[in-house]
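*Asks:* Just the structure for this:
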Amino acid sequence: MHANIRILEADLANPVHAAMTTNLIDAYAQDAMGRGQGLPDDVRQRLAPGLRAHPAAFVLLALREAEPVGVAVCFRGFSTFAARPLINIHDLAVVPTCRNQGIGRMLLDEVAAKARALGCCKVTLEVRADNRHALHLYEAAGFSPGSTPHFFWTKPIA
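*Replies:* Take a look at the predicted model:
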């Protein structure tokens, strides 16, 4: 798609990949479609080691030359209805200056390729109902709310 963009799976034991991941997620958190504020320092410090320690986590980085421009944080899961693995995209973000250039789609395509290679039945994600750009991207990539839309509820644990 883009000759100067490459997607790679992050090695979170590599301090450069760990920093790229943390900085991209922090930038996403600062975005209006994120939290609207950066990550607290303690979260920044725990993020990469926590992802590295999580056995089902993997991170894809989009790089333009050596510059990180996008990230997909994913978790392998399991569908009880299909009795097969699945992948959930927990975070998908592209830096604002690189949006609308196909980078998000490249990340989604790479997640789908990994899902096929792992024998997954599907890829899932959550998206804000007011995030029109993301909804358009996901729909163009083949995602849909399914026959009955689902709500994503949360219960904070102190």
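*Asks:* From His17, how far out is Ala10?
*Replies:* Between Ala10 and His17 the distance is 4 Å, computed by Cβ to Cβ, to the nearest Å. Placement of C-beta: from N, CA and C, glycine included.
*Asks:* More neighbours: which of those two?
*Replies:* The neighbour comparison of Ala10 against His17 (other Cβ atoms under 10 Å) goes to Ala10, with 24 against 19.
*Asks:* any residues in contact with both of Ala10 and His17?
*Replies:* Common neighbours of Ala10 and His17, using Cβ atoms under 8 Å, 6 or more residues apart in numbering, are Val59, Leu61.
*Asks:* Would you map the helices across the protein?
*Replies:* Remark: helices assigned in the chain by DSSP state H are 15-30, 41-53, 103-117, 132-140.
*Asks:* Compute the inter-axis angle for the first one and helix 41-53.
*Replies:* Between helix 15-30 and helix 41-53, the angle comes out at 120 degrees (axes from the mean of the first three to the mean of the last three Cα atoms, to 10 degrees).
*Asks:* ok, residues contacting helix 15-30?
*Replies:* Residues outside helix 15-30 that contact it (Cβ under 8 Å, 6+ apart) are 10-12, 34-39, 44, 47-49, 51-52, 59, 61, 68, 70-71, 73, 91, 93, 95.
*Asks:* buried ones in that helix?
*Replies:* Using 16 or more other Cβ atoms under 10 Å as the test for burial, helix 15-30 gives His17, Ala18, Met20, Thr21, Thr22, Asn23, Leu24, Ile25, Asp26, Ala27, Tyr28, Ala29.
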